[in-house]
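Colleague: Okay, predicted coordinates and the sequence, questions at the end:
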Amino acid sequence: MTSRGEEKMSKSLPQVLGVDISKDHLDVCLNPGGSTLHVANIAAGHAQLLAWLDRVSIDLVVFEPTGPYHRLFERTLVRSGLPYAKVNPRQARRFAEA
């Protein structure tokens, strides 16, 4: 027997930021914790989001690419150095259906 179970339980959960992107705004939710934010999908809104994120340590930002509306947000993430993952909408939908 090993103590691997205890070791796994003692590790903290990763901080993941889920972002729903639309033409006009970003809806953001931090998991775990459930903190939310609603900002405009423009450079000023992205700056507001980055200022909000200064208070927390983010392990990953996850979003679905939505036509042209995610591109400015993605460039903002690259410049800020935050790790991110673009999730294929079809795969996410199929996972939810399963």
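Modeller: Happy to help now that I have it.
Colleague: State the distance from residue 89 to residue 67.
Modeller: Shown here: residue 89 relative to residue 67, a distance of 11 Å by C-beta to C-beta, to the nearest Å. Quick note: C-beta positions are derived from backbone N, CA and C, even for glycine.
Colleague: between those two, which one's more packed in?
Modeller: residue 89 (11 against 8; other C-beta atoms under 10 Å).
Colleague: Isn't the more buried one up against residue 70?
Modeller: No: in this structure residue 89 lies outside contact range of residue 70 using C-beta atoms under 8 Å: 10.9 Å.
Colleague: Mind listing the shared neighbours of the two?
Modeller: Common contacts of residue 89 and residue 70, defined by C-beta atoms under 8 Å, 6 or more residues apart in numbering, comprise residue 64.
Colleague: in the chain, which segments are predicted with low confidence?
Modeller: Within the chain, the stretches falling below the threshold (pLDDT under 70) are 1-11, 92.
Colleague: all helices in this protein, in order from the N-terminus.
Modeller: For the chain, the helices defined by DSSP state H occupy 4-10, 43-53, 71-80, 89-97.
Colleague: Tabulate those helices (TSV), appending distance to residue 29.
Modeller: Written out in TSV, the entries for the helices of the chain read as follows (distance: least, C-beta to C-beta, whole Å):
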stretch	distance to residue 29
helix 4-10	25
helix 43-53	12
helix 71-80	15
helix 89-97	15
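Colleague: Of the ones you listed, give the one that comes closest to residue 27.
Modeller: Checking these against residue 27 by C-beta to C-beta gives helix 43-53 as the closest, at 10.8 Å.
Colleague: Give me the buried positions along the closest one.
Modeller: By neighbour count, and taking 16 or more other C-beta atoms under 10 Å as the criterion, the buried residues in helix 43-53 are 45, 46, 48, 49, 53.
Colleague: Work out the gap between it and the centre of the chain.
Modeller: Between the mean C-alpha point of helix 43-53 and the mean C-alpha point of its chain there is a distance of 13 Å (C-alpha atoms, centre = their mean, to the nearest Å).
Colleague: try stretch 47-65
Modeller: Using C-alpha atoms, centre = their mean, the offset of stretch 47-65 from its chain centre is 6 Å.
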